[in-house]
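>>> here you go, sequence then predicted model.
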Amino acid sequence: MSSCFREWELPPQLREWNTLSCGLIRGGEDREQRIIGWFHPCVALRIRPISMAELEEGATLIAHKVDDQMVVLMDPMEDPDDVLRANRSREKSYMFDVAFDFTATQEMVYRATTKGLIEGVISGYNATVFAYGPTGCGKTYTMLGTDHEPGIYVRTLDDLFRAIEATSDNMEYEVSMSYLEIYNEMIRDLLNPSLGYLDLREDSKGVIQVAGITEVSTINAKEIMQLLMKGNKQRTQEPTAANRASSRSHAVLQVTVRQKSRVKNIMQEVRVGRLFMIDLAGSERASQTQNRGQRMKEGAHINRSLLALGNCINALSDRAGGKYVNYRDSKLTRLLKDSLGGNSRTVMIAHISPANSAFEESRSTLTYADRAKSIRTTVKRNLLNVSYHIAQYTSIIADLRGEIQRLQRKIEEQGPRPARTDIRRIQGDCR
Ligand SMILES: Nc1ncnc2c1ncn2[C@@H]1O[C@H](COP(=O)(O)OP(=O)(O)OP(=O)(O)O)[C@@H](O)[C@H]1O
Ligand SMILES: [Mg+2]
């Protein structure tokens, strides 16, 4: 199975070839970002299993995975006996970084798309994973999954804490999370819905922030899972004709990891990595969902923000054409600005149904996903240089003493080391 992460295997000299701005040493905090290179998003495609409803309608299969990277969408109107239309077939094949069909397990999807991002996040790089596609095609299944088949959220958090644990002898970590939904163009805090609707703000460095959002700090995987489950219960979800549990909002789970060395220094480097995991609401046609009233209004908002997302993908993939990228058309695109065209390693998992009845939706999703492959993001390591005032030196020295004692205890616990062979004695023996 191919995976999205060939780029992390770049030679080290290319990984850190440029320094954008350097922190000044003057007692305080300085932000610094080091470019490590240009990246294309990893674009994966998942074809979900055919559903009971589709089978009952007599649907046929038109979307097929040909190999690990190729998918073919057949033309449902094509008649093999119609020689006059033989050259007008709309059948088309598409290539992605990785393709999955009904045989793919949640673990396979996670391993090939997201697992490779974790190492970067804990050492100061931003990453985004988002699930995209029409309603009822499996976005929430991929991201959230079920109790028996957990999705990307749970698997990523599990591995993230495992990676932190494995390096915590030398590194100190702080992990915080926030979870929000964009419902009818309004932002709601899923960890604390009573806060009402929140605003988006851009700070002086151009970083988009959600003003007043609850950021929960934890270093405990179990705690973060409980918060996630609590947040999911608050998410707006309603039955439609296309999906019994249709997400009516875009959900954004953000995990921030701050890493610093346990070895104290006059200037401490803090690496800040942010991971966004996004389960988008699906694009929908009113006729397909049979929505009326509130559901129809939600559908219009969902489609509008997905259209804005599509327009950004279009403009970004045509950089040579110098198109203006309009992030300001929706809250979703403003929030995804960095993930789409800025400082982030991005994974997009597009979803389609295999059924002939979904041909038009599948075709437009495949076209967008195909275009997204040519976007380019600039990945930088986010560093925060914290320099200490002279008065803080005494506490640094105390910390260092503590660290020495801790290491000494560790050496003692490990017991006596085998005596080193004396090289002079060996040389003497040889003579
Ligand atoms: N790979 C899969 N394996 C098994 N069942 C799946 C798979 N993908 C989707 N399903 C099932 O299909 C149904 C619709 O999936 P899901 O709710 O994830 O769609 P969605 O893309 O999130 O839709 P919406 O945009 O309406 O929220 C669910 O019952 C889900 O369990
Ligand atoms: Mg959903």
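Now that the structure is in, tell me what you want to look at. Ligands and ions are numbered 1, 2, ... in the order given.
>>> which stretches of the stretch 201-350 of the chain form strands?
Secondary structure of the stretch 201-350 of the chain (DSSP state E, counting those that start in this stretch): strands at 208-210, 216-218, 237-238, 246-247, 250-261, 267-279, 345-352.
>>> could I get those as a markdown table with distance to residue 77, mean pLDDT and mean neighbour count?
Where you see a C-beta, it was placed from the backbone N, CA and C, and this is true even at glycine. Shown next, in a markdown table, are the strands of the stretch 201-350 of the chain (distance: least, C-beta to C-beta, whole Å; pLDDT from 0 to 100; neighbours: other C-beta atoms under 10 Å):
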| stretch | distance to residue 77 | mean pLDDT | mean neighbour count |
| --- | --- | --- | --- |
| strand 208-210 | 44 | 88 | 16 |
| strand 216-218 | 52 | 86 | 13 |
| strand 237-238 | 33 | 80 | 16 |
| strand 246-247 | 28 | 86 | 24 |
| strand 250-261 | 33 | 92 | 21 |
| strand 267-279 | 33 | 88 | 20 |
| strand 345-352 | 18 | 94 | 27 |
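>>> between the ones you listed, which gets nearest to ligand 1?
strand 246-247 (3.3 Å; C-beta to the nearest ligand atom).
>>> against ligand 2, how distant is the residue in the stretch 251-400 of the chain that ligand 1 sits nearest to?
At 2.4 Å from ligand 1, residue 282 is the closest residue in the stretch 251-400 of the chain, using C-beta to the nearest ligand atom. Between residue 282 and ligand 2 the distance is 6 Å, computed by C-beta to the ion, to the nearest Å.
>>> return the residues in contact with that residue.
When contacts are counted by C-beta atoms under 8 Å, 6 or more residues apart in numbering, residue 282 is found next to 133-137, 139, 242-243, 246-247, 302.
>>> can I assume residue 149 is in contact with residue 106?
Yes - counting by C-beta atoms under 8 Å, residue 106 is a contact partner of residue 149 at 4.9 Å.
>>> who has more neighbours out of those two?
Neighbour count, other C-beta atoms under 10 Å: between residue 149 and residue 106, residue 106 has more, with 18 against 11.
>>> look up phi and psi at that one.
phi -60, psi -40 (degrees, to the nearest 10).
>>> now for it: which residues touch it?
Neighbour list for residue 106: 142, 145, 149-152, 155 [criterion: C-beta under 8 Å, 6+ apart].
>>> most neighbours among those, which one?
residue 142 (27 neighbours).
>>> how much space separates that residue from ligand 2?
Distance of residue 142 to ligand 2, given as C-beta to the ion: 9 Å.
>>> buried ones in stretch 92-103?
Neighbour counts over stretch 92-103 (16 or more other C-beta atoms under 10 Å) mark 94, 96-101 as buried.
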